[in-house]
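Asks: Would you be able to build a 3D model of this:
(one chain, ligands or ions: 1)
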Amino acid sequence: ATNGNGNGNGHSPYLEDSRTGLGVDTLKRAIRNNLFYVQGKFPEIATRNDYYMAIAYAVRDRLLQRWVASVKQYIQEKHRVVAYLSAEYLLGPHLANNLINLGIYKETEQACKELGLDLDWLIEKEVEPGLGNGGLGRLAACYMDSLATLEVPAIGYGIRYQFGIFEQDIRDGWQVEDTDNWLRRGNPWEIARRELSYDIKFGGYVQTYLDRAGKLCFNWIPELVVKGVAYDTPILGYKVNTANTLRLWKSEAPHSFDFQSFNAGDYNSAVNSKIICENISKVLYPNDEQIEGKRLRLQQQYFFVSCSLQDMIGIHLRQGEKIHDFHKKFVVQLNDTHPAIGVAELMRLLMDVHQLEWEEAWDITSKTFAYTNHTLLPEALETWDLQLFGSVLPRHLQLIYEINRRFVDYATIKLYGNHQKISSLSLIGEGPRKYIKMANLACLGSFAINGVAALHSELLKKTVLKDWYELMPHKFQNKTNGVTPRRWMVLANPELTNLISSRIGEGWIKNLHELKGLEPFADDPEFRKEWMQVKFNKKKALAKRIKKRLGLDVDPNSMFDILVKRIHEYKRQHLKVLHIITLYNQIKKNPNMDVVPRTFIFAGKAAPGYRKAKLMIKLINSVGEIVNNDPDINGRIKVVFYPNYNVTNAQKIYPAADVSEQISTAGKEASGTGNMKLSLNGALTVGTLDGANVEIRECVGEENFFLFGLTADEVAKVKSEGYKPWDYYSENPNLKEVIDQINSGYFSHLDSKVFKELTDSLLYDDQYLLFADYQSYIDTQAKVEEAFKDQDKWARMSILNTARMGKFSSDRSIREYCDEIWKVESVPVTLD
Ligand code: 7GP
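Replies: Take a look at the predicted model:
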């Protein structure tokens, strides 16, 4: 494989200003030219998509100029590089983001206007690449933005799924899934690097033999070979020249493979093998924090990790460096355990391909990787059935056995006599069936291990990774998550961005701590008025979308109370439903009561196989149907389930929030990042002391945060003492009424069975302690209501809240990763 970057002759004829200039006239000419020369269209027959493509290619030319300059400079100056390995990247639409980072949003808007086009209308057209499930994938996208903005040499490696996360529709209140065919109109943001490909082996067996020097060698004879082809997307930083690479691998059949069968006249098997190969990068697994031990998933993981490591080694060796120094060139961050097989794969490449001895290979490997954990849920900790694993990756099974043998020898001495601890640390789990523990492989193979919020990192040390912490305390760190202010403020909320910049300048966009400068304006009546006006306009815009999508009228003067995230029992969307029904009952009993009108907005996808989560969606919609149409309520409370939550929709929802609901059971949400985006956009948080909520509350001040519920310690205590949800139910008449009402079929056309699975699990099990937190949640919501009545005070709280969110920029997170884990430095890129 060649690296295929740049044209290597120093002179780049395509860099002339007419191709890359940033002025209105040049942009106009570029768009017109692209319409003709790329799309083959003229204005009379051009479609909206043709125009979108014409603009996208104009932007891409400008990206490429910066990308080539970045890559050239990295190669020439041989910088240390971060490789971020992630099975998911939830990027969101590219066009508007690239315009902002290039600093040509206004110019492009003007160019469009002069061509009789509406830029915003075209931006709406873009189909987003939904190559991730939720928090973990979106974090990877924010980190790519920050790496480029901080001018850090980095490559993001992942999978180019042909189908991303499914599209959600709601029918009769139930979630239905549709495939996400995001590539159907082409993807102008990627460049296929046909020449850059690697062969990836699967299955088969391992031959051992002695070489001429008498050394024991291993030869993996695969059953299947798949080709991984690189597709590159440039990721531009904000107002810098740095454009890093997101390199996603697509699986294909190697030419030789089908060719052989073809010649043998076996057309069917030729076509078949092509399908098997292409299947590997076909579709993203739609599970969030829940593993599905499928062969294809393991194949996906190994496929992209092997392509990526071979690519890194290739880059390193082409720079004339020695394989022995690999860990000095690259630091590889594992985004959860999905790429953890990389530890065994790097050992294989170093030993079987590059002929290193075990000790040296292990020394390099264990200095290369660092591991981020994203969840405390035991059901999300990846394990692989050992037999399945061995049938897909026979050589890696051998290597893992040997890694484990050496480790267990060490641990046996270190932990003399503590068999239980040793077996918990072992990479291999025993039981009716043996299994491989990927978190243990990641911990052993990495020089650093981190959680994603302070509380989460502490809990890791006390619970799921306790034994690892006690054995290797020096590896453990915290890196609190962050979000990019470019997408989540500048792009999603230009109105608030302009208002903020009108008072404190634009520096905050790159240095979010500067938001602090807003604090004095919290006492300025004029600023407060403008602040609330922006919020009102964003609520109006969202109301319009809700009307268009769902035919439902919501009042932008009402409080917008927002709970948007993946649907999961631990995230407790159903606790919110209990609150809504409680409020509904209060009004029914006292129709003239003085109630603050509220619009409850939910959004989020449920894993297609997660029955209870799907039932939670149905419950939300069923309650909405009754509440929204009850004349006694008279529109004072409304319940909305906004379908198909994704990055595009999130950008419309966050700016319209008055209240941000962050109500997970304490100790379950590793960090959360939606909490940061909502708060940054001026929403006040109702939350438990969970994940990054703890740190948000510390920063914004407890007087600007609506706290409720048990702490993580209390949750653990209640559970250990034997939690009895039934007691809460029988002792709290309001709670009892709500549950009985759901069970009576009040919200389900008198069908009393629909929600039984859900209510039973609450009454008899309630793992997530909804009943224990119920009253505290209701009481806190009453305080929210009181606070909202005083709009002037609310405005003040909202402004202070945003002003104090500086810590939660992904720029801050990435700085910390660079300084404390990766040891990489910024490299400003110059354009020639
Ligand atoms: C999520 C966590 O649930 C969320 O709290 C965190 O903010 C986010 O990662 C980013 O760190 N985890 C996942 O999305 C996930 O799939 C299983 O975790 C590995």
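Asks: partner residues bridging residue 429?
Replies: Bridge pairing for residue 429 (DSSP bridges) gives the partners residue 435.
Asks: check contacts around it.
Replies: 383, 435-437 (C-beta atoms under 8 Å, 6 or more residues apart in numbering). Every residue, glycine included, has its C-beta placed from N, CA and C.
Asks: Now rank the residues you listed by neighbours and give me the top one.
Replies: Neighbours here mean other C-beta atoms under 10 Å. Within the contacts of residue 429, the largest count is held by residue 436, at 27 neighbours.
Asks: Now do it against residue 460, distance only.
Replies: In this view, residue 436 and residue 460 are 20 Å apart by C-beta to C-beta, to the nearest Å.
Asks: mind listing the helices for the stretch 501-650 of the chain?
Replies: In the stretch 501-650 of the chain, the segments counted as helices under DSSP state H, counting those that start in this stretch are 525-550, 573-589, 611-629, 647-653.
Asks: Leaving aside the residues adjacent along the chain, what's closest to residue 781?
Replies: Distance criterion C-beta to C-beta, 6 or more residues apart in numbering; nearest residue to residue 781, sequence neighbours excluded, is residue 579 at 5.7 Å.
Asks: I'd guessed the one you found sits against residue 780; true?
Replies: No - counting by C-beta atoms under 8 Å, residue 579 stays clear of residue 780, with 9.5 Å between them.
Asks: Residue 307: neighbour count?
Replies: Neighbourhood size, residue 307 [other C-beta under 10 Å]: 27.
Asks: ok, then the element right after the helix or strand hosting residue 72?
Replies: Element membership of residue 72, judged by DSSP states H and E, is helix 48-77. Heading C-terminal from helix 48-77, the first helix or strand you meet, by DSSP H and E, is strand 81-85.
Asks: What pairs with that following strand, parallel or antiparallel?
Replies: When DSSP bridges is applied, strand 81-85 pairs with strand 154-159 (parallel), strand 330-335 (parallel).
Asks: Check those for me and report the most buried one.
Replies: Scoring the strands paired with strand 81-85 by mean neighbour count under mean count of other C-beta atoms under 10 Å gives strand 154-159 as the most buried, with a mean of 27.
Asks: Can I get that strand as CSV, trimmed to CA atoms?
Replies: This file holds the C-alpha atoms of strand 154-159, laid out as CSV (Å, rounded to 0.1, in the frame of the first residue of the first chain):
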residue,chain,number,x,y,z
ALA,A,154,-4.3,12.9,14.8
ILE,A,155,-6.0,10.2,12.8
GLY,A,156,-9.4,8.9,13.7
TYR,A,157,-9.9,5.2,12.6
GLY,A,158,-13.2,3.5,12.3
ILE,A,159,-15.7,1.6,10.1
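Asks: which residues sit against stretch 295-308?
Replies: Contacts of stretch 295-308 (C-beta under 8 Å, 6+ apart): 83, 85, 87, 157-159, 198, 200, 202, 226, 228, 230, 247, 249, 251, 279-281, 285, 338-339, 341-342, 345, 384, 388-389, 391-393, 396.
Asks: from those, which would you call buried?
Replies: In those, burial by neighbour count holds for 83, 85, 87, 157-159, 198, 200, 202, 226, 228, 230, 247, 249, 251, 280-281, 285, 338-339, 341-342, 345, 384, 388-389, 391-393, 396, counting by 16 or more other C-beta atoms under 10 Å.
Asks: Which of the residues you listed fall within helices?
Replies: Within the buried ones among the contacts of stretch 295-308, residues falling in helices by DSSP state H are 342, 345, 388-389, 391-392, 396.
Asks: picking up where we left off before, what is the helix holding residue 72 packed up against?
Replies: Here helix 48-77 touches helix 17-20, helix 24-37, helix 95-102, helix 105-114, helix 119-123, strand 224-236, strand 243-252, going by 3 or more C-beta pairs under 8 Å, 6 or more residues apart in numbering; DSSP states H and E.
Asks: what angle do it and strand 154-159 make?
Replies: 130 degrees (axes from the mean of the first three to the mean of the last three C-alpha atoms, to 10 degrees).
Asks: buried stuff in helix 48-77?
Replies: For helix 48-77, by 16+ other C-beta under 10 Å, it's 49-75.
Asks: Centre of the chain to it, how far?
Replies: Centre-to-centre, helix 48-77 and its host chain are 24 Å apart (C-alpha atoms, centre = their mean, to the nearest Å).
Asks: Not counting its own residues, what contacts stretch 703-712?
Replies: 455, 459, 663, 665-667, 684-690, 696-697, 718, 769, 772-773, 776-777, 779-780, 783-784, 787, 797, 800-801, 804.
Asks: which of those count as buried?
Replies: Buried subset of the contacts of stretch 703-712 (neighbour count, 16+ other C-beta under 10 Å): 455, 459, 663, 665-667, 684-690, 696-697, 769, 772-773, 777, 780, 784, 787, 797, 800-801, 804.
Asks: relative to strand 224-236, how tilted is the helix holding residue 72?
Replies: Helix 48-77 runs at 90 degrees relative to strand 224-236, counting by the same axes, to 10 degrees.
Asks: Next, the angle from helix 48-77 to helix 24-37.
Replies: Using the same axes, to 10 degrees: helix 48-77 against helix 24-37 is 110 degrees.
Asks: pLDDT (mean, whole number) over helix 48-77?
Replies: Average pLDDT, helix 48-77: 95.
Asks: Can you tell me which residues in the stretch 101-250 of the chain are near the ligand?
Replies: Contact residues, the stretch 101-250 of the chain versus the ligand (C-beta under 6 Å from any ligand atom): 133-136, 139.
Asks: Out of those, flag the one nearest to residue 506.
Replies: The closest of those to residue 506 turns out to be residue 139 (C-beta to C-beta; 25.1 Å).
Asks: my guess is that closest one meets residue 673, correct?
Replies: Yes - at 6.1 Å, residue 139 counts as touching residue 673 under the criterion of C-beta under 8 Å.
Asks: Just confirm yes or no for stretch 811-824 near the ligand.
Replies: No - Stretch 811-824 does not reach the ligand (C-beta under 6 Å from any ligand atom); its nearest approach is 9.9 Å.
Asks: List the contacts of that stretch.
Replies: Stretch 811-824 is contacted by residues 79-82, 143, 146-147, 149-150, 152-154, 331, 333, 370, 448, 450, 477, 479-482, 484-485, 510-512, 806, 825-826 when judged by C-beta under 8 Å, 6+ apart.
Asks: List the buried residues of it.
Replies: So, applying 16+ other C-beta under 10 Å, buried residues of stretch 811-824: 811-818, 821-822, 824.
Asks: joint contacts of residue 139 and residue 673?
Replies: By C-beta under 8 Å, 6+ apart, residue 139 and residue 673 have these common neighbours: residue 481.
Asks: If you average the pLDDT over stretch 583-601, what comes out?
Replies: 97.
Asks: residues of that stretch that come out buried?
Replies: Result for stretch 583-601 [16+ other C-beta under 10 Å]: buried residues 583-584, 587, 597-601.
Asks: cool, stretch 239-248 as well?
Replies: Buried positions in stretch 239-248, judged by neighbour count with 16+ other C-beta under 10 Å: 240-248.
Asks: and it, what's its mean pLDDT?
Replies: 98.
Asks: Can you list the low-confidence ranges for this structure?
Replies: The model of the chain has pLDDT under 70 over residues 1-16, 256-264.
Asks: What count of nearby residues applies to the residue in the stretch 51-200 of the chain positioned nearest to the ligand?
Replies: Using C-beta to the nearest ligand atom, the closest approach of the stretch 51-200 of the chain to the ligand is made by residue 135 at 2.9 Å. The tally of other residues near residue 135 (other C-beta under 10 Å) stands at 25.
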